[in-house]
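# requesting a structural model of the entry that follows:
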Amino acid sequence: MSKKVAAGNHRSRLNAQPRLHQSAREIQKYGTVTHALPLDLEEPVRLEMTENLNQLLADTMTLRDLYKKSHWQVAGPTFYQLHLLFDKHYNEQAEIVDTIAERIQLLGGLSIAMAADVAETTKIVRPPRGREEVPVQISRLIDAHQVIIGECRVLAERADKLGDDGTNDLVISDVLRTNELQVWFISEHLVNMPLVEAVDEEEDAA
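The predicted structure follows:
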């Protein structure tokens, strides 16, 4: 068939009607990597890194959403401060989510994406649907940060050993440092300090 005839046949199939309800087989299976980019990283390395990054991604997405739940449901005398702080941390975690997902795609893998898949994968304990007291909300957030910080240290060391400098830098510079800073900010809200009147040392000793 000539190029002219082929082009004509293609044009004849074009029209303005949307083609709805389409389906087809997956073009890449989850848990695999492609060979598209010349990254100088062997397939076994990229497979291991994408698997570990997807775990980190699932936990980061869970922490992100835990911050939004806390933002919506926080109550009490520190409502205003925590309402704003939780939303700030949510936005920062949302940026991390995108950064991790793009790294996975860059390595030729597939990023976990849907809520059900995240729920099946995350290591962070699921909170109840109802509202909890502020100290419990913060404790949950700290526990979630601890999971991610631990994963970061292991993954950064492993990436360094395997020569994946890009993943090592991302995990330390973007994920670990942000989580360390956030956990410091919210931990200070669990320090039992007087708000109006200082405690007299002599009275406290008595």
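# run through the protein and note the low-pLDDT ranges.
Across the chain, the ranges flagged by pLDDT under 70 are 1-12, 36, 202-206.
# ok, now with 90
Scanning the chain for pLDDT under 90 picks out 1-16, 35-39, 193-206.
# and the lengthiest helix in it, how far out from the chain's middle?
Longest helix of the chain, by residue count under DSSP state H: helix 43-73. The chain centre lies 4 Å from the centre of helix 43-73; the measure is Cα atoms, centre = their mean, to the nearest Å.
# wait, what's in contact with the most centrally placed residue in the chain?
Among the residues of the chain, residue 60 comes closest to the average C-alpha position under Cα atoms, centre = their mean, at 2.6 Å. Contact analysis of residue 60 by Cβ atoms under 8 Å, 6 or more residues apart in numbering lists 93, 96, 97, 100, 148, 175. To be clear about C-beta, it is placed using only N, CA and C from the backbone, and glycine gets the same treatment.
# residue 48 contacts residue 163, correct?
No: taking contacts as Cβ atoms under 8 Å, residue 48 lies outside contact range of residue 163: 11.8 Å.
# which of these two has more neighbours?
The neighbour count for residue 48 versus residue 163, taken as other Cβ atoms under 10 Å, is higher for residue 48 (19 against 13).
# just give the nearest non-adjacent residue to the more buried one, would you?
In space, residue 48 comes closest to residue 162 once its chain neighbours are excluded; the distance is 7.2 Å by Cβ to Cβ, 6 or more residues apart in numbering.
# helices along this structure, start to end?
Using DSSP H, helices in the chain cover 3-12, 43-73, 79-106, 115-121, 134-162, 165-169, 177-187, 201-205.
# closest to residue 127 out of the ones you listed?
Shortest distance between residue 127 and those, using Cβ to Cβ, is found for helix 134-162: 5.7 Å.
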